[in-house]
Each structure stands twice: as C-alpha cells, then as structure tokens.
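> just to be clear, the model below is a prediction. Sequence and coordinates:
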Amino acid sequence: MTTVLLIRHASHALVGKAVAGRRDDVRLDDTGRGQADALAQRLADSAISAVYTSPRERALQTAAPLAKRLGLTPVVDAAFDEIDFGDWTGKAFGELALDPGWPLWVDKRSIAQPPNGERFAAVQQRAVDGIQRLRARHPDEKIAIYSHADVIKSVLAHVLHLSLDDLERFEVAPASISIVVAGGAWAQVKLINGTGEAGNT
C-alpha cells in the first residue's frame, strides 16, 4: 500500500481574497513561511521517501523546508498543478460574485469550466491519474504531494465517490494534510484537512 500525503500549500496574501490560479508572482507570506516550517517539523519523522509538488511557486516554497530536512529533491509534477482559471485568474472573489458563470463553478463543478480555462472534471482526471502513476512507482512507501485546495478536494472526492458538486461541503485549509492510502484499484481516505491543531490531527 502507498500512503499519499496530500498537502495544500501554505498561506499567501491572496488566500480568501482572490483567485491566485497559475500566477507566477504569488509567494508565501510571513504566515505561510511559518506554516511551511511547522509542517517540516511535524513531518520530519514520517519516513517520507519522495516529495512531489505543483509547479506553482507557493507550492514549491511550502515543500522546500521538508525536502531539505529529509535530504530529498522535490520533483515538480504537472498533474498536481493549480487549476487553469483562464479569465478568472487574479480576480477578487467580490468581483467574481457578479460574474454569471461563478455560481455554476461553486454549485456545479462537475460541469463547470472557467472562461478560457480548464474544465474541473479534467482537473480531477489528471490528479487521479497522477496518484495512480506515483502509487505504482512507490509501492509500500509514503510520499508527500504539495498541491492546491480544489485539486486535493478532487482526489478526495474520487476516493470517497462524492460528486464534484459537493466540494464546498468540506475544507482543505492552507498547510493542511489529507491522507489517502492506495493499492491497486483500492483506496481509502485516512484524514481530511489535518492542520495539527487540537482536535484536528
């Protein structure tokens, strides 16, 4: 069985305010850097054999402290990249609330697609395919994947057989850890949105 730690990147200035998407200028803020260091300390004794990361700078920054502590080189994997939000990239949530396409994205993600962006169903497919590929590469090992909230949610929804329309029913917070154990065609979710806080492993 392969244990997969799905880790959302740590905090940055746009969290909760705007769609960062695939902007290259989004970096961790002071809070995020502290969260990344805390994650590295928390996972230092977890026997992780490989670290994979989205190409986004905020994911790379979050992965760096753990990789350094473990003596591993993070491997960039586009399967876990952020969604291509197309025309919505960089827009504030207040502005998007006025866009007629935004409610469809929030409530019907199974059929939603940002204007000139990526279909969410395609996001789920590439992420799930990526997990399967890495599971075969790392049998009976533990790996860490640094990615983004909705990408992680899509993987969890796949394992739990949840509709993509239900993703707003649970949270994947910055610097949180969700855990999936997978082997062959079988997989099980062990943890969702673990932040290390009391009552939230």
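Sure thing, it's come through. Residues are numbered from 1 along each chain as shown.

> how about the helices in this structure?
All helices of the chain, identified by DSSP state H, fall at 30-43, 57-70, 93-96, 102-107, 120-137, 149-160.

> what does the longest one rub up against?
Residues lying outside helix 120-137 but in contact with it, judged by C-beta atoms under 8 Å, 6 or more residues apart in numbering, are 2, 4, 50, 52, 77-80, 83, 105, 109-113, 143, 145, 147, 150-151, 154-155, 157-158, 164, 180, 182-183. For the C-beta atoms, the positions are set from N, CA and C on the backbone; glycine is no exception.

> residues contacting T53?
By C-beta under 8 Å, 6+ apart, the neighbours of T53 are A59, L60, T62, A63, P74, V75, V76, D77, F80, I145, Y146, S147.

> by residue count, which strand of this structure is the longest?
strand 186-194 (DSSP state E).

> what residues sit buried inside the least confident helix or strand in the chain by mean pLDDT?
Taking mean pLDDT, DSSP states H and E as the measure, helix 102-107 is the helix or strand of the chain with the lowest mean score, a mean of 92. Buried residues in helix 102-107, counted by 16 or more other C-beta atoms under 10 Å: W102, W105.

> where are the low-confidence patches of the chain?
197-201 (pLDDT under 70).

> mind doing that once more with 80?
Within the chain, the ranges that satisfy pLDDT under 80 run 184-185, 196-201.

> rewinding a little: T195 is nearest to which of the helices of the chain?
Nearest to T195 among the helices of the chain is helix 30-43 (9.1 Å), distances taken as C-beta to C-beta.

> quick one on the thing from earlier: now list the buried members of the contacts of helix 120-137.
2, 4, 50, 52, 77, 79-80, 83, 105, 109, 112-113, 143, 145, 147, 150-151, 154-155, 157-158, 164, 180, 182.

> possible to save the helices of the chain as CSV with distance to S11?
Formatted as CSV, those follow (distance: least, C-beta to C-beta, whole Å):
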stretch, distance to S11
helix 30-43, 4
helix 57-70, 9
helix 93-96, 16
helix 102-107, 22
helix 120-137, 22
helix 149-160, 12
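
> F170: which of these is closest?
Closest among the helices of the chain, using C-beta to C-beta: helix 149-160, at 7.3 Å.

> okay, angle between the closest one and helix 120-137 too, please.
70 degrees (axes from the mean of the first three to the mean of the last three C-alpha atoms, to 10 degrees).

> for helix 149-160, which outside residues touch it?
Looking at what lies outside helix 149-160 - C-beta under 8 Å, 6+ apart - the contacts are 6, 8, 54, 80-83, 120, 123-124, 127-128, 131, 162-164, 166-167, 170, 172-173, 178, 180, 182, 187-189, 192.
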